[in-house]
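J.: 3D, please:
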Amino acid sequence: MSSQAEAPISFSTFVISLASSGLMHLGVRDPGGPQRPVDVNLARQTLELLGILAEKTKGNLDEDEARLLDAVRHDLDQRLADAAAKLG
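T.: Modelled structure (predicted):
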């Protein structure tokens with residue numbers, strides 16, 4: 001456990017965490033990190049979770065939160081479509 005005080009988790013950090021998980025399932029890696037296997041099904045599941053989150057929080061987010069959620073959903077959807085097309 002870290003000795004430094006950690007910042008509290010916000011809605012935005014939660015959304016970024018889910019989006020990062022989806023990207024990892026699509027094989028996106030940290031620079032210099034190991035290659036990750038692509039799992040389109042898990043990436044799609046993460047995208048669906050973000051969709052459920054969007055539906056359940058509709059009308060309850062501030063503008064920045066709503067924009068972030070829309071942006072990460074769109075990005076993950078595009079990357080998922082690209083990955084699925086490459087896999088055939």
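
J.: who are the neighbours of the longest helix along the chain, in terms of helices and strands?
T.: Counting by DSSP state H, the longest helix found in the chain is helix 63-87. The contact analysis (3 or more C-beta pairs under 8 Å, 6 or more residues apart in numbering; DSSP states H and E) places helix 63-87 against helix 11-25, helix 40-57. C-beta here means a position set from N, CA and C on the backbone, and glycine is covered the same way.

J.: Can you spell out which helices and strands pack onto the first one?
T.: Spelled out, that is helix 11-25. Partner elements for helix 11-25 (3+ C-beta pairs under 8 Å, 6+ apart): helix 40-57, helix 63-87.

J.: re earlier: redo the helices and strands packed on helix 63-87 as CSV? Include mean pLDDT, mean neighbour count and distance to residue 72.
T.: What follows is the helices and strands packed on helix 63-87, written out as CSV (pLDDT from 0 to 100; neighbours: other C-beta atoms under 10 Å; distance: least, C-beta to C-beta, whole Å):
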stretch, mean pLDDT, mean neighbour count, distance to residue 72
helix 11-25, 95, 17, 4
helix 40-57, 97, 15, 7
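
J.: No more questions from me, cheers.
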